[in-house]
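Engineer: sequence and predicted structure below; questions after.
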Amino acid sequence: MIKISNLSKSFQKNLIVDDVSIQIEKGEVLALIGSSGAGKSTFLRSINCLEKADCGQLDLDGFHVNFTNITKSQKLELRKQTAMVFQHFNLFQHRTALDNVKEGLKIVKKMSDKTATEIALKHLEDVGLSDRVNYYPKHLSGGQQQRVGIARALAMEPKLLLVDEPTSALDPELVGGVLSTIKATAAKGQTMILVSHEMSFVYEVADRVIFMDGGRIVEQGTPDEVFNNPKSPRTEQFLQSYKNR
């Protein structure tokens, strides 16, 4: 089980994530939904220490950190056990797809180039990019770049995968391939927190859904409970806005 307790994050005295606590079972896909600015992405980035949380704790299979006074070595260990898929890919533009996937294995996990290469090639093949391993990002479509990002994250064999709006920067015709890759990843039992505005995809892939508003958890339940029988008027209002599009 993964437990995140009482996490809060402010920017210039504006409280963006407000005392959020969640638990995730091994192999569970937990989806966070809500309007832009609800705190979903900041919550993910705070878990991975890309943003420094004001307070909060994380327990991950016996590994415990207090975000208030997390040490450099704890951050490194946390990044060995978690991985993130970003909205805007965050690939190194001057490195090939293969080198992008190898980077974390060599730097964070201290693997040899030979071992890192073997693992990276396998994961690029898994996301359908075995014929693009020596391509630079500028020669890949947005969907292909995002799949490199997914391969990079999965190559780390994370106990927790954080997926932040993986299709928001893609043209509509490229969305399906990326969502299929994430769905296949979930089907293999990868524990995951997913932030997405693709409501039909969330309904299909998530085991549990949390609706956030104003930095807080408003409602949570199974996809059927949240989408078809919301208890909060704010949740119902949010979902209705998608149905009316």
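Structural biologist: Good, I have the coordinates. Residues are numbered from 1 along each chain as shown.

Engineer: tell me, how many residues neighbour residue 90?
Structural biologist: Neighbourhood size, residue 90 [other Cβ atoms under 10 Å]: 13. For the C-beta atoms, the positions are set from N, CA and C on the backbone; glycine is no exception.

Engineer: and the one 4 residues further on, by the same measure?
Structural biologist: A total of 9 residues lie near residue 94 under the criterion other Cβ under 10 Å.

Engineer: separation between it and residue 156?
Structural biologist: Distance from residue 94 to residue 156, counting by Cβ to Cβ, to the nearest Å: 21 Å.

Engineer: go on, residue 211?
Structural biologist: Distance of residue 211 to residue 156, computed by Cβ to Cβ: 29 Å.

Engineer: ok, the two, which is more surrounded?
Structural biologist: Each of residue 211 and residue 156 has its neighbours counted (other Cβ under 10 Å); residue 211 has more, 27 against 21.

Engineer: can you show me the CA trace of stretch 99-114 as CSV?
Structural biologist: Extracted in CSV, the C-alpha atoms of stretch 99-114 (Å, rounded to 0.1, in the frame of the first residue of the first chain):
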residue,chain,number,x,y,z
ASP,A,99,19.3,7.7,-24.9
ASN,A,100,16.3,9.5,-23.3
VAL,A,101,15.1,6.1,-21.9
LYS,A,102,18.6,5.1,-20.8
GLU,A,103,19.3,8.3,-18.9
GLY,A,104,17.4,7.5,-15.6
LEU,A,105,18.7,4.0,-15.5
LYS,A,106,22.3,5.1,-15.7
ILE,A,107,22.1,8.3,-13.6
VAL,A,108,19.6,7.3,-10.9
LYS,A,109,20.0,3.5,-10.8
LYS,A,110,23.7,3.5,-11.7
MET,A,111,23.3,0.8,-14.4
SER,A,112,26.0,0.0,-16.9
ASP,A,113,25.4,1.3,-20.5
LYS,A,114,25.0,-2.3,-21.7
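
Engineer: what's next to that stretch, contact-wise?
Structural biologist: Residues from elsewhere that reach stretch 99-114 (Cβ atoms under 8 Å, 6 or more residues apart in numbering): 76, 79-80, 83, 91-92, 95, 115-117, 119-120, 123-124, 137, 148, 151-152, 155-156.

Engineer: and with 10 Å instead?
Structural biologist: Residues outside stretch 99-114 that contact it (Cβ atoms under 10 Å, 6 or more residues apart in numbering): 76-77, 79-80, 83, 89-93, 95-96, 115-124, 127, 129, 133-134, 136-137, 145, 148-158.

Engineer: just stretch 8-20 next, same as before
Structural biologist: Looking at stretch 8-20 with Cβ under 10 Å, 6+ apart, the contacting residues turn out to be 4-7, 32, 37-46, 51-56, 67, 210, 212, 214-217.
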